Each structure stands twice: as C-alpha cells, then as structure tokens.
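> Model the structure of this input:
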Amino acid sequence: MNKPKVVVLQVPYGEIGGVQRTVRKAMQLASWNNHVAGKNIAIKVNLISNQLVPSQCTSPWVLEGVIQQVLEGIPDARLTICDSDLAAAQQCSEAAEIWGHKELADRYGAEFVNLSKDTGVNVKVENGLIFKEIEVPNTIMKADSVITVPVLKTHVLSTVTCALKHQWGIVNRTVRHQYHLVFDKAIADVNTVLKDKLKFAVVDGTIGMEANAPRTGHPVICNLIISSPDIVACDAVATALMGIPLGKVKHIQICAEQGIGSLDYELISDFGNDLKPVHSFTLPDKQWAPVFFWELFLRQTPLKRLFFDTEVVFRIVSWIATQYNSIFWFKLRGSKYAREILNDTYYGYEFRRLASKAL
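Predicted coordinates:
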C-alpha cells in the first residue's frame, strides 16, 4: 500500500499571487484529485474571530488557491465554504465578511454556510471513546468530499490545532464546551465520524499563531503551505515544523491509534526530509490564558453545574469571555500584533487591502 503524501512548500515571499500558486502546487503534488471526489465539495475554513488579527482565521488567499484548484480540476463543482459559531460567541457570519470569505464565495459562484445555523443529523460513532453519536450539520452530510483548511496554531487545550482539531467546529455549539476535559478523545471521535467525508487538508501556514492560541496568541510569519490526503500525517508534519514533540500532542496519537490516518508517510518538502522547525513555537501557558484557565478550574469543582449547566449563568460567563477576547486582549495585545503584520512588506500589503474593505 502506498504511503500518504504530505507536501510542505514555501511561499515565495514578495511574489504577487504567490500564496495562491503555492496552494495549487501543493495540492497537485499531494494528488488531491485522486482523493477529492464528486461535485458537491465542502471547504471547512477557520473563522474563529470577527477581528482582523492575522493568523486568527484562514487567510482568504489560501482559501482562494483551494477554490481555484478545485474548479480547475472539477469545473462543475458545487462549492460550499463553511465554519461555525463558537460556543461563547456568534462571530462566524460577520467574520466571513471581514475576512473576505463571503466575497470569494460570490466571486467563484460558491455558497457560504454558517454551520451553526444549519440543521443536523445524528450519526453513531463507531467505537466512540467519548461520544455515542454526534450531530453532523447537513452541509457536511450532503457533501461528497470535505476539504479542511485550518491555520497552523498552538492551542491552550490541545497543544496544537491543525487538520484534526479543525473538525471540532462541526459539533453543536450548545454542547461543544462540555467536552473540554476530555478534548483529545473527543477530537478523535469527531474525526472518526467524518473519516469517509474528509478527503484532503490544506494547512494555512502563511502566518501561524503561537503561545495562547487559537485566538489570543502571537502571529508568526512562517511562509508555509502543507497539504495531504491524510490528516493524521499532515498534523504530525505540522507539529514537527512547529518544533513541538509529537508526544506532547495526545490527540494526534489517539487518532492514529483509532485508524483515522497514519504516522507513516511520504514527505515532499522544500525543506528536505529532516523536518527542522521553521519556527520554535512558544507553547501555551494556561495560567496566562484566563478564559481557559478559569473554565478548566471551575469544571473540576462543584460549581460546574452553576456556571456551565445553568443557561442564564452560562450566557453571562460567555459574554464575559467574549468581552475579554474582543476588547481587553485586543486593546492590550491583539491590535499591536495586527500592526506587526500590517507593517510587513508582503503580508501587510494584503492585509491592509482586506482592512480597507472591512472599514
């Protein structure tokens, strides 16, 4: 049996249209057309934030490269670009406007869907570790193939968030937060349910995020695109490129054990075969991530039922968490991080164009 390919390419810094061309080349080298089948294609993006801090969400230029390549190979494809609201905030639809995803959908004849507003179907989890069944949005269920397009990031709960963790967004937002104490196994269950649908991954490593990501971390220009039909192999390579030992990322190992993908792969890389880190990503520190710190603390106390199982109280807690992320953190650090990228001669040019449209 042939090993799955994992392709790692460097974006030609400074080249206009270089991101899109690199995405298309990476998909071609990973033989995407041998895996993505059918005409109804869902592209799962990351729209975690309705603020324009580079690396929080999937770059529109990476998304555009994926769209271009799919339409070149399947001209009559019906494309759906999708993501969902957070458990504590309803940011997805606004984020799609701010980050240019809806504009891309309109330009290329695709549809944008907020999965949190979609109806769903309960699907049994075969040999589930945590879930017996998971409600899967109809947009995903009706897709012939799903392409996942995450951003290269650390994560306060899962250490790394990439192709595997990216599917967590399909879980109903009203119950998603209840599984944070068993996160690694829950991620494996979600990917087990989607194993026959999820055909390909394209990782946006143009600007990654380190430290207390996925939202309140520090952007890092990495100039990378990673692509693979095997999301376990994809994440193993991504983790190595971040300078993080694989043993620190439990959900990748669990997913490999569950047969979701393989840790044995063929590497095609601009950087050779030794997988040296492109940047040694700073790991998260829960003590300096107050939203996650207090959530995990309270969940392990008798106060759990009050804070997380009482709807009115949970709404108040969610509002406080959103205010911290959107106002306090953004004013203290996020706006500064955004300016760092806006001052970059290459990515800054693109993000300034995006910012001008968002105003």
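
> ok, now how distant is residue 50 from residue 107?
Distance, residue 50 to residue 107, by Cβ to Cβ, to the nearest Å: 21 Å. Yep, even glycine has a C-beta here, placed from its N, CA and C like the rest.

> Comparing these two, which residue is more hemmed in?
Per other Cβ atoms under 10 Å, whichever of residue 50 and residue 107 has more neighbours is residue 50, with 20 against 11.

> Got the phi and psi for the more buried one?
phi -100, psi 20 (degrees, to the nearest 10).

> For residue 284, which non-adjacent residue is closest in space?
Taking Cβ to Cβ, 6 or more residues apart in numbering, and ignoring the residues beside it in sequence, residue 284 has residue 156 as its nearest neighbour in space, at 4.3 Å.

> Can you get me a residue count around that neighbour?
Neighbours around residue 156, by other Cβ under 10 Å: 25.

> Number the residues from 58 up from this point.
Sure, I'll start counting at 58 from here, so that last one is residue 213.

> Would you confirm that it contacts residue 349?
Yes - judged on Cβ atoms under 8 Å, residue 213 makes contact with residue 349 at a distance of 4.4 Å.

> Lowest-scoring secondary structure element of the protein by mean pLDDT?
helix 347-356 (a mean of 81; mean pLDDT, DSSP states H and E).

> Stretch 379-391 - what's its average pLDDT?
What stretch 379-391 shows for mean pLDDT is 89.

> mind listing what's buried in that stretch?
Using 16 or more other Cβ atoms under 10 Å as the test for burial, stretch 379-391 gives 379, 382-383, 386-387, 390-391.

> Next up, the contacts around the closest residue to residue 159 other than its chain neighbours.
Of all residues not flanking residue 159 in the chain, residue 153 sits nearest, at 4.6 Å (Cβ to Cβ, 6+ apart). Going by Cβ atoms under 8 Å, 6 or more residues apart in numbering, residue 153 touches 104, 138, 140, 159, 162, 169, 171.

> Wasn't the second one part of a helix?
No - secondary structure of residue 138 (DSSP: H, G, I helix; E, B strand; the rest coil): strand, not part of a helix.

> Any idea how many residues pack against it?
Residue 138, neighbours per other Cβ under 10 Å, totals 26.

> Over to the fifth one?
Neighbours of residue 162 under the rule other Cβ under 10 Å: 21.

> Buried residues in the one helix or strand it maps to, which are they?
For residue 162, the host element (DSSP states H and E) is helix 158-164. By neighbour count on 16+ other Cβ under 10 Å, the buried set for helix 158-164 is 158-162.
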